[in-house]
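In: Okay, here's the prediction I keep looking at, along with the sequence it came from:
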Amino acid sequence: MADYVGAIDQGTTSTRFMIFDHAGNEVSKHQLEHEQIMPRPGWVEHNPVEIWERSTSVVQTALNSALLQPSDLAAMGVTNQRETTVVWNRKTGRPYYNAIVWQDTRTDKIASALDRDGRGDVIREKAGLPPATYFSGGKIQWILENVPGARADADSGDALFGNTDSWLLWNLTGGPDGGVHVTDVTNASRTMLMNLETLDWDDELLGFFDIPRQMLPQIRPSSDPSGYGVTSKSLAYGGIPLTGDLGDQQAAMFGQVCFAPGEAKNTYGTGNFLLLNTGTELVRSKNGLLTTVCYQFGTDAPVYALEGSIAVTGSAVQWLRDQLGIIAGAAEVESLARRVDDNGGVYFVPAFSGLFAPYWRSDARGAIVGLSRYNSNAHIARATLEAICYQSRDVSEAMEADSGVHVEVLKVDGGVTANNLCMQMQADILGVPVSRPIVAETTALGAAYAAGLAVGFWKNTDELRENWNESHRWTPEWTEEQRTAAYAGWKKAVTRSLDWVDVE
């Protein structure tokens, strides 16, 4: 058997390919950023062709740098930024429009109309999601209504939809020359179009958005022994079995080996995503969380999760770098924030795309409050890191209210976890220990695990648990009084961000 497994991690700001050995150790990696296209306020787009080109480039570069051949990989998995919507032509492979990114808010009128006439309650019941700009359904509708030719081609069967996993898998397996049009249950559960109980596209939900069923990919398990195909012979890395596909946050659950009900992880990336495994039970949220599919092994029953999705966390640090220019690189935010002992009364609510869980307020916008002449850029840097942690507490409290489960230790992963000050703040603000694994890039690792399990590279999840090792643990240092007072300040700041834009 081949000695390695690979995974494409197609994220919001970059795409990487990582190769792992049987112990879950990183063998090789290559990563490339792609352009963030923002043509209007609230609009966020990516070029799907650029994403595909970067994806195929990182695969080849990572293989070359490790002196490996495609035959050295037992399987390949794909994980992706969820909800980001691509519509392309089946015959030409050309997208009709840029990918509309999950952060994009142009569909706010579509989402609010769904809630006004009661369709939103049907979506909540069937799909486990609130009507929101976040999810794919409204984005597909917008493309069909606004891009010339898209509606006619969708009706004739020539236009295909997918999140970026489907776009990559279609291109990896041949594109216009026999490409396989598939997705997995986790990505499908982020569209507002899939019924959580049947794991199939729901005709009533499709009707809400006027989306032809033939546009949609076939829904498959996240770890699929029958596979989605193999990489095309036209590629330099042809012949690799494609057997794992998960949305990025579900892949991180896999990578953090959260396979038991009650286990949770928080991923710190462009946004934050806290997921709690609820087993084969569908737990419907009453506190602003999402009910989503966590994963599915082959023909096994699906495993579900509660999720709290936060739109802006790590991207707030990028905003300090790119828009404000107070840091030259993301890593500098920690040293700048350490110049002061506290936030100096400053709170930053980074509601650039409205507020996601548990508020779901598309009328909110970013706000920095509590400023005085005393404050400096260091206070703003510190408030930015604290905002990451306060938003995670918002979600954690909602999760406990929904599930009755109190998280005893928070497993964390993602790029922001390299910021030791931020992780200490998280422990202080939550009041529970925070644990980071040795392999912090658990999203790619999870996709590799899903692919490897499907082909027997790993026999079972017990083998994966043996691979997990803690790198660092932060324990709370604040008193309960400090924690309560600081969180009250955050909640007050959140109220200042609301009702800022009019939503019909």
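Out: Arrived safely, thanks for sending.

In: Low-confidence regions, this protein specifically.
Out: Scanning the chain for pLDDT under 70 picks out the ranges 1, 503-504.

In: Mind doing that once more with 80?
Out: Applying pLDDT under 80 to the chain flags residues 1, 440, 502-504.

In: Show me which helix runs longest in it.
Out: Scanning the chain for the helix with the most residues, using DSSP state H, yields helix 377-403.

In: buried set for it?
Out: 377-396, 398-399, 402-403 (16 or more other C-beta atoms under 10 Å). (C-beta placed from N, C-alpha, C; glycine too.)

In: what do you get for stretch 42-54?
Out: So for stretch 42-54, counting by 16+ other C-beta under 10 Å, buried means 42, 44, 45, 46, 48, 49, 50, 51, 52, 54.

In: any idea which of those residues is closest to residue 178?
Out: Nearest to residue 178 out of these is residue 52 (C-beta to C-beta; 16.2 Å).

In: Near residue 468, how many other residues are there?
Out: Neighbouring residues of residue 468 were enumerated by other C-beta atoms under 10 Å; the total is 17.

In: now do the one 3 residues further on
Out: For residue 471, the tally of surrounding residues (other C-beta under 10 Å) stands at 11.

In: quick check, it in a strand?
Out: Yes. Assessed by DSSP: H, G, I helix; E, B strand; the rest coil, residue 471 belongs to a strand.

In: What distance do you get for it to residue 77?
Out: Distance, residue 471 to residue 77, using C-beta to C-beta, to the nearest Å: 23 Å.

In: So residue 263 versus residue 305, what's the distance?
Out: From residue 263 to residue 305 the distance is 10 Å (C-beta to C-beta).

In: Which neighbours do the two have in common?
Out: The overlap between the contact sets of residue 263 and residue 305 (C-beta atoms under 8 Å, 6 or more residues apart in numbering) consists of 276, 277.

In: and these two? which has more neighbours close in?
Out: Neighbours per residue (other C-beta under 10 Å) separate residue 263 from residue 305, with residue 305 holding more: 29 against 18.

In: Next, give phi and psi for that one.
Out: phi -150, psi 150 (degrees, to the nearest 10).

In: tell me the secondary structure for the residue nearest to it when sequence neighbours are not counted?
Out: With sequence-adjacent residues excluded and distances taken as C-beta to C-beta, 6 or more residues apart in numbering, residue 305 is closest to residue 294, at 3.8 Å. Under three-state DSSP, residue 294 falls in the strand class.

In: which residues touch residue 294?
Out: Residue 294 neighbours (C-beta under 8 Å, 6+ apart): 186, 250, 253, 275, 277, 278, 302, 303, 304, 305.

In: do residue 497 as well
Out: 349, 351, 355, 364, 365, 366, 367.

In: how about 7 Å then?
Out: Residues near residue 497 by C-beta atoms under 7 Å, 6 or more residues apart in numbering: 349, 351, 364, 365, 366, 367.

In: just residue 474 next, same as before
Out: 423, 424, 427, 433, 434.

In: quick one: which of these sit in helices?
Out: 423, 424, 427.

In: Would you check that the last one makes contact with residue 476?
Out: Yes. Using C-beta atoms under 7 Å as the test, residue 427 is close enough to residue 476 to be in contact (4.7 Å).

In: These two: which is more packed in?
Out: More neighbours surround residue 427 than the other of residue 427 and residue 476, with 22 against 18 (other C-beta under 10 Å).

In: what does the helix or strand residue 32 falls within rub up against?
Out: Assigned by DSSP states H and E, residue 32 falls within strand 26-33. By C-beta under 7 Å, 6+ apart, the residues outside strand 26-33 that reach it are 4, 13-21, 54, 57-58, 61-62, 65-66, 439.

In: Got a quick PyMOL command for the buried subset of those?
Out: Here is the PyMOL command that selects the buried residues among the contacts of strand 26-33 (16+ other C-beta under 10 Å):
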select buried, resi 4+13+14+15+16+17+18+19+20+54+58+61+62+66+439
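
In: so of the contacts of strand 26-33, which ones are in helices?
Out: Using DSSP H, these in helices are 54, 57, 58, 61, 62, 65.

In: now, which of those sits nearest residue 232?
Out: residue 57 (15.4 Å).

In: What residues does the closest one make contact with?
Out: residue 32.

In: same thing but 8 Å
Out: Here residue 57 is in contact with 30, 32 (C-beta under 8 Å, 6+ apart).

In: from memory residue 169 sits against residue 231, does it?
Out: No. Applying C-beta atoms under 8 Å, one finds residue 169 not in contact with residue 231, separated by 9.9 Å.

In: Which one of these two is surrounded by more residues?
Out: Remark: of residue 169 and residue 231, residue 169 carries more neighbours, 26 against 23, as counted by other C-beta under 10 Å.

In: in what helix or strand does that one lie?
Out: Using DSSP H and E, residue 169 falls in helix 164-172.

In: what does residue 483 give?
Out: Using DSSP H and E, residue 483 maps to helix 480-497.
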